[in-house]
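S.K.: no sequence for this one, just the structure:
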Ligand SMILES: Nc1ncnc2c1ncn2[C@@H]1O[C@H](COP(=O)(O)OP(=O)(O)OP(=O)(O)O)[C@@H](O)[C@H]1O
């Protein structure tokens, strides 16, 4: 599936304006200002309990900031309805080996937003699923039960699930926890390749400072409390001034 897109690297994909969050009387995030522009790759690094997952959960609308404002694709989050533009890979889910879904079914479930929960799977949906399986190079395990696969294979399946709607923004929460070092490295290679060759913006929480420093630079561009933000800007991977980009998911 090929399409020609114009990249506008100056569009804010996420804006956090003076955002704070408290659980009861414990303030976890305080007065955070940060923005992510189109095709940036932002890595969030911080110690245990720094508030990284809380921040992601606010950005995907699962928690409301106690103070401040979040805007997604220019819109205040409370008005934002275009959730298909966002792919979210939560912290690793350990699937029970008997979990009764195949990889194909898990990937297809990425299409079912609340509105479309019980719609039939069309031929177009199957094609989207095949494309996502191909990108993740997991076509050969499409019919296996997800619970019987390795951690790395499960993670690729969850990434394929997040990609099936062709999201503009991909959010990853510690995508390689519990995966061996070699598989982690190939997973990061895959993600960085996607950043360079696909029309997507990335936000990733990672505990892997080496990987983050290798790809996103040695110094954080921003710090808030114990959370550090590392960024590879879009202009480092392409000419942003209205670049014509041949883009394909596969
Ligand atoms: N549902 C909750 N209710 C009360 N406190 C919470 C809740 N979730 C998280 N916290 C607390 O908020 C703080 C931040 O938690 P959060 O999970 O956002 O941190 P994190 O940076 O993602 O940590 P980790 O690296 O360990 O995953 C922690 O002190 C945690 O105990």
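M.R.: It's in. Here the structure is a predicted model, which is why all the values come from computation and not from measurement. Numbering: from 1, shown residues only.
S.K.: would you mind measuring from residue 43 to the ligand?
M.R.: 13 Å (Cβ to the nearest ligand atom, to the nearest Å). Just so you know, the C-beta spots here come from the backbone N, C-alpha and C atoms, and that holds for glycine as well.
S.K.: before we move on, what about residue 154?
M.R.: Using Cβ to the nearest ligand atom, residue 154 is found at 19 Å from the ligand.
S.K.: buried residues in the strand or helix carrying that residue?
M.R.: Using DSSP states H and E, the element containing residue 154 is helix 151-163. Of the residues in helix 151-163, 151-163 count as buried by neighbour count, 16 or more other Cβ atoms under 10 Å.
S.K.: show me what contacts the spatially most central residue of the chain?
M.R.: Centroid-nearest residue in the chain: residue 171, 2.0 Å away (criterion: Cα atoms, centre = their mean). Residue 171 sits next to 56, 59-60, 86-89, 202-204 when contact means Cβ atoms under 8 Å, 6 or more residues apart in numbering.
S.K.: now tabulate those residues in TSV and tack on secondary structure, neighbour count and distance to residue 45.
M.R.: Output for the contacts of residue 171, formatted as TSV (DSSP: H, G, I helix; E, B strand; the rest coil; neighbours: other Cβ atoms under 10 Å; distance: Cβ to Cβ, whole Å):
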residue	secondary structure	neighbour count	distance to residue 45
56	helix	22	13
59	helix	22	16
60	coil	16	19
86	strand	23	21
87	strand	24	21
88	strand	22	19
89	strand	20	17
202	strand	23	14
203	strand	23	12
204	strand	27	10
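S.K.: closest one to residue 131 out of those, please.
M.R.: Using Cβ to Cβ, residue 87 comes nearest to residue 131 of those, at 13.7 Å.
S.K.: and residue 228, how close does it get to the ligand?
M.R.: 11 Å.
S.K.: and the strand or helix carrying residue 189, average pLDDT?
M.R.: In this structure, residue 189 sits in helix 181-197 according to DSSP H and E. Throughout helix 181-197, pLDDT has a mean value of 85.
S.K.: what comes up buried for it?
M.R.: For helix 181-197, by 16+ other Cβ under 10 Å, it's 183-184, 187-188, 191-192, 194-195.
S.K.: for the ligand, state which of those residues is nearest.
M.R.: For those, the closest approach to the ligand (Cβ to the nearest ligand atom) belongs to residue 184, at 16.5 Å.
S.K.: can you get me a residue count around the closest residue to that closest one other than its chain neighbours?
M.R.: Residue nearest to residue 184 in three dimensions, not counting chain neighbours: residue 176, with 4.2 Å by Cβ to Cβ, 6 or more residues apart in numbering. Look at residue 176: counted by other Cβ atoms under 10 Å, it has 24 neighbours.
S.K.: hang on, the earlier thing: can you name every helix or strand that the helix holding residue 154 contacts?
M.R.: strand 86-89, helix 103-108, helix 123-135, strand 169-173, helix 181-197 (3 or more Cβ pairs under 8 Å, 6 or more residues apart in numbering; DSSP states H and E).
S.K.: can I get those in TSV including distance to residue 33?
M.R.: Output for those, formatted as TSV (distance: least, Cβ to Cβ, whole Å):
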stretch	distance to residue 33
strand 86-89	21
helix 103-108	36
helix 123-135	34
strand 169-173	19
helix 181-197	24
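S.K.: could you list the low-pLDDT ranges of this structure?
M.R.: 1-9, 92-94, 113-119, 238-250 (pLDDT under 70).
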